[in-house]
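Q: next input, structure requested:
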Amino acid sequence: MATRFENVLIIADIEGSSGCWDYRASSFMTHEWSRACLEMTLDVSAVVRALFDAGVKHVTVKDFHRTGYNLLPELIDPRAQVVLGYKRGPVPGLGHPGDAQAVMFLGMHAASGTEGFMAHTLTSRIIWLEVNRKPLAEVELFSASLAPYGVRPIFFSGCPTACAQARAAIRKINSYPIDKSAGPELFVADSWRSGLVSAALDSLNNVATEPYTVSGPFKAEVTLRGGESAAQKLSRRWGFDQAGARIFIEAADIHELYRDLIRLCYLTPLTERILPFGLFLYNLTGRLGLAWARRRLKKDKYLPQSTRRTQKIGIDNG
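A: Numbering: from 1, shown residues only. Coordinates of the predicted model:
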């Protein structure tokens, strides 16, 4: 089957996947999280297999939840490159996007402070984030960071609110929602995955989307869950203005804004200086956690005791 795109990047998160139904399922090294990792993997696997069957030549899957170690690569088509862990850049967390022509977002969530399922931007420590007076979702940051490489955001899946935000921000992006309002008891994963696959395949011929470029300047207002004391500490650390629980950031372009938000959410001046070593330790933590999840799933008989791991796996140490 001829498709417009032959090289596709998938960015996968867990909150909007079929196995995450509460905060514990998104939390590192909980029983619920191990099951969510499996279901997230099955969601991604279904899309990857369908992309290859449709004629896509190369698929790269980037795990973008928490430690970046939530996917079980042995359950994903071995022709795909599965990238676990985080890299410094040039695209934050991802590294270089290579020859990717298009990006699909699977399992995503809505912006901080909005009504979506487990809505947050970058971290749940931010309870409200607005940029130029509008909520900012991760799909905008990720898509903008890929735009200099000509990568087009063609598909998005998450809760209905997250899908609506993606469509409002990115012209003509295709989307497919997951409705979690009725709870897991009434949810049929196989049926939903079938719809996810069909919608993802439809987006391969989306000729309307363009790389997501937005013009600055940008004024961001970040409200922290930790209140005034947390905001004061972080604003002094990075030299941002602050009032009460709010921190104010001004940036000339969205790439500068993304870097400042990463500093605010994840770094200190010391950890920024030793970032390669810090990423090595963080990725090591992720590998150990995923090994724990795999053992737990085998113990609970969700995975066979031995699995063949023949696929190409990209794992970065910083």
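Q: what segments of the stretch 101-250 of the chain are strands?
A: If you assign secondary structure with DSSP state E, counting those that start in this stretch, the strands in the stretch 101-250 of the chain sit at 102-108, 126-131, 134-135, 152-158, 174-177, 218-224, 241-243, 246-251.
Q: dump the ones you listed to a markdown table, plus mean neighbour count.
A: In short, each C-beta sits where N, CA and C put it, glycine included. Putting these into a markdown table (neighbours: other C-beta atoms under 10 Å) gives the following:
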| stretch | mean neighbour count |
| --- | --- |
| strand 102-108 | 27 |
| strand 126-131 | 20 |
| strand 134-135 | 16 |
| strand 152-158 | 28 |
| strand 174-177 | 21 |
| strand 218-224 | 20 |
| strand 241-243 | 13 |
| strand 246-251 | 18 |
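Q: nearest to residue 62, out of these?
A: The closest approach between residue 62 and any of the strands of the stretch 101-250 of the chain, judged by C-beta to C-beta, belongs to strand 102-108 at 9.1 Å.
Q: helices or strands up against that closest one?
A: Based on contacts counted as 3 or more C-beta pairs under 8 Å, 6 or more residues apart in numbering; DSSP states H and E, the elements that strand 102-108 packs against are strand 7-12, helix 31-53, helix 138-146, strand 152-158, helix 160-169, helix 189-203.
Q: tell me the angle of the fourth one relative to strand 7-12?
A: By that I understand strand 152-158. Between the axis of strand 152-158 and that of strand 7-12 there is an angle of 30 degrees, by axes from the mean of the first three to the mean of the last three C-alpha atoms, to 10 degrees.
Q: any idea of the angle strand 152-158 forms with helix 189-203?
A: 160 degrees.
Q: for the remainder of this discussion, apply numbering that starts at 58.
A: In the new count, where the first residue is 58, that last one comes out as strand 209-215.
Q: and strand 209-215, how far out from the chain's middle?
A: Its chain's average C-alpha position is 11 Å from that of strand 209-215, according to C-alpha atoms, centre = their mean, to the nearest Å.
Q: output that strand as PDB, nothing but the C-alphas.
A: Only the C-alpha atoms of strand 209-215 are listed here, as PDB (Å, rounded to 0.1, in the frame of the first residue of the first chain):
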ATOM      1  CA  ARG A 209       5.000  16.700  10.600                       C
ATOM      2  CA  PRO A 210       2.600  15.900  13.600                       C
ATOM      3  CA  ILE A 211      -0.100  13.700  11.800                       C
ATOM      4  CA  PHE A 212      -1.800  11.800  14.600                       C
ATOM      5  CA  PHE A 213      -2.700  12.100  18.300                       C
ATOM      6  CA  SER A 214      -4.400   9.800  20.700                       C
ATOM      7  CA  GLY A 215      -5.400  10.500  24.300                       C
END
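Q: my guess is residue 204 contacts residue 272. True?
A: No. Using C-beta atoms under 8 Å, residue 204 is not in contact with residue 272; the gap is 11.7 Å.
Q: quick one, which of the two is more surrounded?
A: Neighbours of residue 204 and residue 272, each counted by other C-beta atoms under 10 Å, are more numerous for residue 204; the result is 19 against 7.
Q: tell me the spatial nearest neighbour of the more buried one, not counting adjacent residues.
A: Counting by C-beta to C-beta, 6 or more residues apart in numbering, residue 268 is the residue found nearest to residue 204 once chain neighbours are left out, at 3.9 Å.
Q: and the nearest residue to residue 196 once chain neighbours are set aside, what does it touch?
A: Counting by C-beta to C-beta, 6+ apart, residue 223 is the residue found nearest to residue 196 once chain neighbours are left out, at 4.9 Å. Residue 223 sits next to 162, 165, 194, 196, 213, 215, 230, 232 when contact means C-beta atoms under 8 Å, 6 or more residues apart in numbering.
Q: follow-up on the earlier one: show me the one of the strands of the stretch 158-307 of the chain that comes nearest residue 86.
A: Closest of the strands of the stretch 158-307 of the chain to residue 86 is strand 159-165, at 19.0 Å (criterion: C-beta to C-beta).
Q: circling back: want to try a markdown table for the strands of the stretch 158-307 of the chain, with mean pLDDT and distance to residue 145 as columns?
A: Conversion of those to a markdown table gives the following (pLDDT from 0 to 100; distance: least, C-beta to C-beta, whole Å):
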| stretch | mean pLDDT | distance to residue 145 |
| --- | --- | --- |
| strand 159-165 | 98 | 19 |
| strand 183-188 | 97 | 22 |
| strand 191-192 | 97 | 28 |
| strand 209-215 | 98 | 22 |
| strand 231-234 | 98 | 30 |
| strand 275-281 | 98 | 22 |
| strand 298-300 | 98 | 27 |
| strand 303-308 | 98 | 19 |
